[in-house]
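*Asks:* fold the following for me, if possible:
(one chain, ligands or ions: 1)
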Amino acid sequence: MNILLLEDDLDLGDAVRLAFEAEGYRVVWVRRLADAIAALRGVLPDLLVLDLGLPDGDGHELLAWLKQESAAVPALILSARDGLDERLRGLDGGADDYLVKPFALQELLSRVRALARRSYGLDSGQLSLRGLLLHEASMRATVDGRLLELSPSEFRLLAALLKRADRVLTRRFLEDQVLAGSAAESNVLDVHISSLRRKIGDGYIRTIRGLGYVMDRQSVATR
Ligand code: CA
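*Replies:* Below is the predicted model:
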């Protein structure tokens, strides 16, 4: 799992980075809002862990920026601000969890594991949703036990949708982040999606007209 850590405090940032690395996570640690945005413009991490009080701004701004960019990144806030208003602002602003400083590293790790389970099923190395099962390392995917023959692009699309089930992924996000710009022209994305639907069956990927696609945890009749 790739984690982007935004924390300006040197001692705390270093301790958190070491704890994450000991768990086997890959960590990019930045200390300024601007550096976090630069990092997020590259490859999106699987999880963003962010402080709120930063030398060049406020962590809430980063969550707002992510929303505006339609970049679906699970986020966990670390902050000394423990007021209810502040926590609600963070959670309503798109964060998935909020941990008040000071905290025990063990609790942070436990919450990160819970988020990974909730968002991805990543701790088992497998992504699953109803009858679908994906193993990213081996690029194997099955539906109801049947092995799927997917192209690399189809596999990446399916993994992205599964990782962020129940969240709408915009066309722009899928084209830029998942298909890495190769879909810039015409309807490459739609072709991949309809091919995926043929292979995995109906009721998994739903079109949100004018916006993008969503993978539903619950089966739905319409697309
Ligand atoms: Ca700070």
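*Asks:* report pLDDT for the nearest residue to Leu33 once chain neighbours are set aside.
*Replies:* Nearest non-adjacent residue to Leu33, counting by Cβ to Cβ, 6 or more residues apart in numbering: Gly57, 4.1 Å away. For the C-beta atoms, the positions are set from N, CA and C on the backbone; glycine is no exception. Each residue has a pLDDT score; the one for Gly57 is 96.
*Asks:* and the closest residue in space to Tyr204 that isn't next to it in sequence, how far from His60?
*Replies:* Among residues not flanking Tyr204 along the chain, Met215 sits closest, at 6.0 Å (Cβ to Cβ, 6+ apart). Computed as Cβ to Cβ, to the nearest Å, the Met215 to His60 distance reads 28 Å.
*Asks:* who has more neighbours, the two?
*Replies:* Comparing Met215 with His60 by neighbour count (other Cβ atoms under 10 Å), the higher total belongs to Met215, at 23 against 18.
*Asks:* who does that one form a beta bridge with?
*Replies:* With DSSP bridges as the criterion, Met215 is bridged to Ile205.
*Asks:* residues in contact with it?
*Replies:* 129, 161-162, 164-166, 204-206 (Cβ atoms under 8 Å, 6 or more residues apart in numbering).
*Asks:* now do Asp97
*Replies:* 75-77, 91, 111, 114-115.
*Asks:* so what sits opposite it in the bridge?
*Replies:* Per DSSP bridges, the residues bridged to Asp97 are Leu76.
*Asks:* just for this structure, where's the confidence low?
*Replies:* In the predicted model of the chain, residues 70, 119-125, 181-186, 220-223 satisfy pLDDT under 70.
*Asks:* how about the residues of this structure near the ion?
*Replies:* 8, 51, 53 (Cβ under 5 Å from the ion).
*Asks:* of the residues you listed, which is the most crowded?
*Replies:* Going by other Cβ under 10 Å, Asp51 tops the residues of the chain next to the ion with 24 neighbours.
*Asks:* wait, isn't it in contact with Asp9?
*Replies:* Yes - between Asp51 and Asp9 a contact is recorded at 7.3 Å, counting by Cβ atoms under 8 Å.
*Asks:* list the residues that contact Trp65.
*Replies:* 37, 40.
*Asks:* now the contacts of Met215 in JSON lines, with neighbour count?
*Replies:* Listed next are those as JSON lines, based on neighbours: other Cβ atoms under 10 Å:
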{"residue": "Leu129", "neighbour count": "19"}
{"residue": "Leu161", "neighbour count": "26"}
{"residue": "Leu162", "neighbour count": "22"}
{"residue": "Arg164", "neighbour count": "18"}
{"residue": "Ala165", "neighbour count": "21"}
{"residue": "Asp166", "neighbour count": "11"}
{"residue": "Tyr204", "neighbour count": "24"}
{"residue": "Ile205", "neighbour count": "20"}
{"residue": "Arg206", "neighbour count": "16"}
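*Asks:* nearest to Leu66 among the residues you listed?
*Replies:* Lowest distance from Leu66 to the contacts of Met215 (Cβ to Cβ) belongs to Arg164, with 12.4 Å.
*Asks:* which residues touch the nearest residue to that closest one once chain neighbours are set aside?
*Replies:* Distances taken as Cβ to Cβ, 6+ apart put Ala72 closest to Arg164, at 4.6 Å, once the chain neighbours are dropped. For Ala72, the contact set (Cβ under 8 Å, 6+ apart) comprises 164, 167, 169, 173.
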